[in-house]
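can't give you the sequence, but here's the structure:
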């Protein structure tokens with residue numbers, strides 16, 4: 001009897017050893033193209049680190065990765081020696097004083113780009129680190145173009161080979177200049193275009209802008225001797241209104257856009273009665289202007305004041 005009990009105990013011990021060996025034995029792992037798949041790790045054991053074949057390149061602090069779009073645009077600066085620097089415009093500040101509009105872009109930690117315009121034309125482009133280093137004025141700022149604001153009021157500003165002369169004292173090792181700028185930037189169009197009497201223009205290409213008459217209206221006579229009133233905004237846009245001697249609307253047009261309406265086609269346009277100073281308000285409600293071939297159009301909503309002075 002004792003022999004049977006001992007034999008049973010030995011059999012149980014042997015079975016336990018076999019089960020432990022079987023559960024601890026690793027399963028074969030298939031290796032495909034040099035990549036080791038993840039495996040289950042037994043409790044109490046530590047997984048061996050997997051081999052790494054390659055990692056994406058590290059991106060310096062403050063720089064975007066190649067596939068990441070810059071927030072407000074991109075600027076490429078080429079020195080006189082042909083060396084190029086690529087900058088992301090991280091933020092943009094737009095301001096307006098009278099007819100002057102200013103755009104200032106931050107390019108990294110201490111660099112900036114400044115663009116000044118008057119009546120839609122560039123008057124100053126400036127680049128530097130904390131203070132002006134390179135710049136151009138007036139007609140010397142060639143290659144600068146402003147796009148039409150989109151439905152959200154944002155517009156593109158592009159610079160194509162705009163040359164900036166060195167203006168700051170040249171330090172040792174610093175290029176004397178000039179530098180050349182190539183850029184595509186984004187900005188909120190018509191900054192400060194908040195006016196009690198103005199016109200909203202929605203174009204057929206889904207672009208949008210706000211027209212605020214700057215300095216009232218001009219007055220003249222057309223070739224037919226009939227009155228012509230013109231309204232200008234700070235971007236250089238002009239809306240011309242022709243009336244007959246009785247004050248009835250003969251035509252409305254936008255200079256530079258090639259859009260106009262004539263007589264009965266100017267639906268939605270009407271005059272108020274003269275006020276105490278003789279001024280009249282031109283109301284535009286869904287008034288549409290079309291190009292000569294009807295391929296483009298603009299819808300006008302708002303008010304313009306014809307001065308009685």
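Yep, it's here. Values in this document were obtained by computation on a predicted structure and should not be read as measured data.

so where's the stretch 201-309 of the chain shaky on pLDDT?
Of all residues in the stretch 201-309 of the chain, those with pLDDT under 70 make up the ranges 215-216, 308-309.

In contact with residue 71, which residues?
Under the criterion of CB atoms under 8 Å, 6 or more residues apart in numbering, the neighbours of residue 71 are 88-91. Bear in mind the C-beta positions are built from the backbone N, C-alpha and C, glycine included.

Between those residues, which sits nearest residue 122?
Nearest to residue 122 among the contacts of residue 71, counting by CB to CB, is residue 89 at 17.1 Å.

That closest one: what's it in contact with?
70-75, 105-107, 113, 183, 185-186.

What's the separation between it and residue 168?
Relative to residue 168, residue 89 is positioned 22 Å away (CB to CB, to the nearest Å).

Over to residue 199?
In terms of CB to CB, residue 199 sits 43 Å off from residue 168.

Let me see the contact set for the residue most central in space within the chain.
Closest residue to the average C-alpha location of the chain: residue 186 at 2.2 Å, with CA atoms, centre = their mean. By CB under 8 Å, 6+ apart, the contact set of residue 186 is 72-73, 89, 92, 154-157.

circling back: please produce TSV containing the contacts of residue 89, extended by pLDDT and secondary structure.
Listed next are those as TSV, based on pLDDT from 0 to 100; DSSP: H, G, I helix; E, B strand; the rest coil:
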residue	pLDDT	secondary structure
70	81	coil
71	77	coil
72	84	coil
73	89	strand
74	91	strand
75	93	strand
105	92	strand
106	90	strand
107	90	strand
113	93	strand
183	93	strand
185	90	strand
186	86	strand
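
just to revisit the earlier point, if any of the contacts of residue 186 are buried, give me the ChimeraX selection for them.
Per 16 or more other CB atoms under 10 Å, the buried members of these correspond to this ChimeraX selection:
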select :72,73,89,92,155,156,157
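
quick one: which of the contacts of residue 186 is nearest residue 128?
Sorting these by distance to residue 128 puts residue 89 at the head of the list, at 14.7 Å, by CB to CB.

Next, give phi and psi for that closest one.
In terms of degrees, to the nearest 10, the main-chain angles of residue 89 are phi -80, psi 100.

Now do it against residue 214, distance only.
Using CB to CB, residue 89 is found at 28 Å from residue 214.

if we can go back for a sec, could you give the bridge partners of the residue nearest to the centre of the chain?
Beta-bridge partners of residue 186, counted by DSSP bridges, are residue 156.

Contact partners for residue 251?
Each residue near residue 251 by CB under 8 Å, 6+ apart is listed here: 240-242, 260-263, 266.
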